[in-house]
Structure formats: structure tokens, C-alpha cells
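K.L.:
Provided below are the primary sequence and the corresponding predicted coordinates.
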Amino acid sequence: MCKSDIHTLPTRRRFLQLTGTSAVGIAALSSQLLTTDVFASSKNDKSPPKPQNILTPQEALKHLMAGNARYVKGVARRHDFRHEREALEGGQNPYAALLSCADSRIAPEYAFDSARGDIFAVRIAGNFVTDDGLGSLEYAVAVLNAPLIMVLGHDSCGAIDAAVKAEKDNAKYPGQIQAIADALKPAVQQVLSQSGSLLDNAIRQNVVDNVGKLQSSSKILSDAVSQKKLMIVGGVYKLATGKVEMI
């Protein structure tokens, strides 16, 4: 996030002031933020750096998955990074925001054959919602007008596997790794009785849980969904093929 991001500066200042307050302040001021028509651009706004990214939620999802199809087939587009740098110097208007795992094998920009300024990526091991991650995604929607959020898990996820071992074997991990495993345990616990691979089931459940959390724990996001300005979806990236399977 930088001072040159598009869409009105007063709106952005209100947003940053809002997210810098206490939890009580956020609750009290969230309705005030929304009444400023934060999801609409001012007539005085400059043109977005990437007009092609002005999409409906349905169009954004179709565009995202078309990029993944190209990636899977190995026919990615040639991106003009030089001129994109010039266009994006004055702002950004990504067509999608992703909450994905920090795993080095998962590169959202590659997986969806996207260019700079297309995807607003929030990454953390285990692709789960944290306070900071939620604030980042709220910014993507409220200030940058991103019409789509995808929670992207992947198979063979080490963070989920750590949670499985913590739940089943009482495994303990050093530093803050334990906190990540503990945060992911609820997904594991929900699928313990299911047939099939416990790890695969937990990976899928974790995506479902975090899609639900984004839909329910943020007034900014839930209001955008109810106004049909935002869609929140989930998917799982397959390491062997690169294909993203929607959930």
C-alpha cells in the first residue's frame, strides 16, 4: 500500500485511521466508513492504471481461472513488464486479491498467468486469516476496489501437516511455528472422522473455513458481498499439474 494508490485520498485516510484504532474503535467506525460510499470511485479520480482490471466479481473469477488454464497448458502470455512499471507508478487496481500459502512452490502470479498490478497477494503458511491479513484484504476491497478474493490452499501443505501431527501425535514445534499449527487445528478436528486422506481433507476444510471467516468476520467484506461488489471463493492448487480446483 502506498500513497499513490488510486481512489480518493480522503477515503484512504479514513480507512487507515480506522484500521489504526482499537478493536472497539473499528467496530464503532466501520459503519461510518461504509456510508462514505467507499466502494465507489469519485468523479475526480484519475483513470485507473489498468482499465482492463475493472471487472465484475464474476468476470474477475473467469479471468483468474482462464489465466490458470493457460499456466497449466504452458502457454502463458508475454507480459510487458517495462510499460507496466510505468503505468503502475501512480497507483494500482488489482482485479483479484488472494490469501495463499507462503510455500515457495506456490506463486500466485505465475499460477494465474497474471502481470504486475493484477493480484493483491496476502501470503502466510497455511493460508489462514489473521488480523493483519484481514486488514490487508479489507484494504484491497475498500480502497482498491478488488472485486474478488480467493483463499488458495494447496496439496501436500506442510503447515496443515504440522497441524495434523499436533492434533494426532501431540507434536510440538519451536518458536511461533506452534502458533501456526494451533491455528490450523480446527480444520483438522472437523475432518477426523471423514474417510480418505486426513491431510487432503484438512487442506480442503481449511480453505472452506477461511472463506467463511472472511464472509462473516468483516463488515467491510460482508457488505461488499451483499452489494454484489465482491465475491469470496476458495480453491486448492495441485502441485503436480498447477491446476487450481475450485471448492
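P.N.:
Thanks, I have the structure now. Numbering: from 1, shown residues only.

K.L.:
Look up the pLDDT of residue 2 for me, please.
P.N.:
We have a pLDDT of 52 for residue 2.

K.L.:
my bad, should have said residue 170
P.N.:
As predicted, residue 170 sits at a pLDDT of 96.

K.L.:
The closest residue to residue 54 other than its chain neighbours: what secondary structure?
P.N.:
The spatially closest residue to residue 54, leaving aside those adjacent along the chain, is residue 48, at 6.4 Å (CB to CB, 6 or more residues apart in numbering). Any C-beta I mention is one placed from the backbone N, CA and C, and that applies to glycine too. Following DSSP: H, G, I helix; E, B strand; the rest coil, residue 48 is assigned to coil.

K.L.:
right, and residue 48 touches residue 95 too?
P.N.:
No: with contact defined as CB atoms under 8 Å, residue 48 does not count as touching residue 95 (10.3 Å).

K.L.:
returning to what we had before: neighbours of the residue nearest to residue 54, just the number please.
P.N.:
20 (other CB atoms under 10 Å).

K.L.:
and it, what are its phi and psi?
P.N.:
Backbone torsions for residue 48, taken as degrees, to the nearest 10, come to phi -70, psi 150.

K.L.:
same thing with the one 4 residues further on?
P.N.:
Backbone dihedrals for residue 52, given as degrees, to the nearest 10, come out at phi -70, psi -10.

K.L.:
And it, what's its pLDDT?
P.N.:
Taking residue 52 on its own, its pLDDT is 95.

K.L.:
one step back: mutual contacts of residue 48 and residue 95, please.
P.N.:
residue 54 (CB atoms under 8 Å, 6 or more residues apart in numbering).

K.L.:
on that earlier part again, ok, now how distant is the residue nearest to residue 54 from residue 66?
P.N.:
For residue 48, the distance to residue 66 equals 21 Å [CB to CB, to the nearest Å].

K.L.:
which helices and strands sit right next to the lengthiest helix in the chain?
P.N.:
Ranked by residue count and defined by DSSP state H, the top helix of the chain is helix 198-216. Judged by 3 or more CB pairs under 8 Å, 6 or more residues apart in numbering; DSSP states H and E, helix 198-216 is in contact with strand 148-154, helix 158-169, helix 177-190, helix 219-226, strand 231-237.

K.L.:
how big is the angle separating that helix from helix 177-190?
P.N.:
Relative orientation of helix 198-216 and helix 177-190, computed by axes from the mean of the first three to the mean of the last three CA atoms, to 10 degrees: 100 degrees.

K.L.:
If we go by neighbour counts, what in helix 198-216 is buried?
P.N.:
198-207, 209-211, 213-214 (16 or more other CB atoms under 10 Å).

K.L.:
next one: stretch 48-56
P.N.:
Quick answer for stretch 48-56 (16+ other CB under 10 Å): 48, 49, 50, 53, 55.

K.L.:
Please identify which pair of the residues you listed lies farthest apart.
P.N.:
49 and 55 (14.6 Å; CB to CB).

K.L.:
Tell me where the model's unsure across this protein.
P.N.:
1-45, 81 (pLDDT under 70).

K.L.:
still on that earlier bit, can you tell me which of the buried residues of helix 198-216 lies closest to residue 224?
P.N.:
Closest to residue 224, out of all of those and judged by CB to CB, is residue 214, at 10.6 Å.
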